[in-house]
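*Asks:* sequence and predicted model, in that order:
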Amino acid sequence: MPTIVTGLLAIAFGLWGLTAWWWSVVELMRGALPVILIGFGLIALASGVSRVRDEQSIKDEDIS
């Protein structure tokens with residue numbers, strides 16, 4: 001029960017803060033978005049490179 005009350009209070013204060021400091025939230029999102037996109041891009045690039053390496057190693061094993 002105390003966890004539910006704490007969660008509801010956190011949501012209420014979060015919504016209040018979101019409305020009270022809306023432009024600060026927007027500025028934070030505008031600043032964080034490029035960093036997040038770079039991070040996701042690096043993860044996607046690493047995933048693609050590892051997949052190509054795995055496929056190449058499977059082909060090399062089949063040839064041998």
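*Replies:* Thanks, I have it.
*Asks:* in this protein, which spans are helices?
*Replies:* Remark: helices assigned in the chain by DSSP state H are 2-20, 22-63.
*Asks:* can I get the ones you listed in TSV with mean pLDDT and mean neighbour count?
*Replies:* (Glycine included, C-beta is placed from N, CA and C.) Shown next, in TSV, are the helices of the chain (pLDDT from 0 to 100; neighbours: other CB atoms under 10 Å):
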stretch	mean pLDDT	mean neighbour count
helix 2-20	94	10
helix 22-63	90	10
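*Asks:* report the central residue of this structure.
*Replies:* residue 36 (6.3 Å; CA atoms, centre = their mean).
*Asks:* what's the span of stretch 11-30 from first residue to last?
*Replies:* This stretch, stretch 11-30, spans 23 Å end to end (CA to CA, to the nearest Å).
*Asks:* centre of the chain to that stretch, how far?
*Replies:* 19 Å (CA atoms, centre = their mean, to the nearest Å).
*Asks:* now stretch 16-35
*Replies:* Its chain's C-alpha centre lies 16 Å from the corresponding centre of stretch 16-35 when counted by CA atoms, centre = their mean.
*Asks:* what does stretch 45-61 give?
*Replies:* 25 Å.
*Asks:* and it, C-alpha only, in CSV?
*Replies:* Below are the C-alpha coordinates for stretch 45-61, written out as CSV (Å, rounded to 0.1, in the frame of the first residue of the first chain):
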residue,chain,number,x,y,z
LEU,A,45,26.4,-0.1,-36.7
ALA,A,46,28.0,-2.5,-34.2
SER,A,47,25.2,-4.9,-34.7
GLY,A,48,25.4,-4.8,-38.4
VAL,A,49,29.2,-5.2,-38.4
SER,A,50,29.1,-8.2,-36.1
ARG,A,51,26.3,-9.8,-38.2
VAL,A,52,28.5,-9.4,-41.4
ARG,A,53,31.5,-10.9,-39.6
ASP,A,54,29.4,-13.9,-38.3
GLU,A,55,28.1,-14.6,-41.8
GLN,A,56,31.6,-14.3,-43.3
SER,A,57,33.0,-16.7,-40.7
ILE,A,58,30.2,-19.2,-41.5
LYS,A,59,31.0,-19.0,-45.2
ASP,A,60,34.8,-19.4,-44.5
GLU,A,61,34.0,-22.6,-42.4
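*Asks:* all set, thanks.
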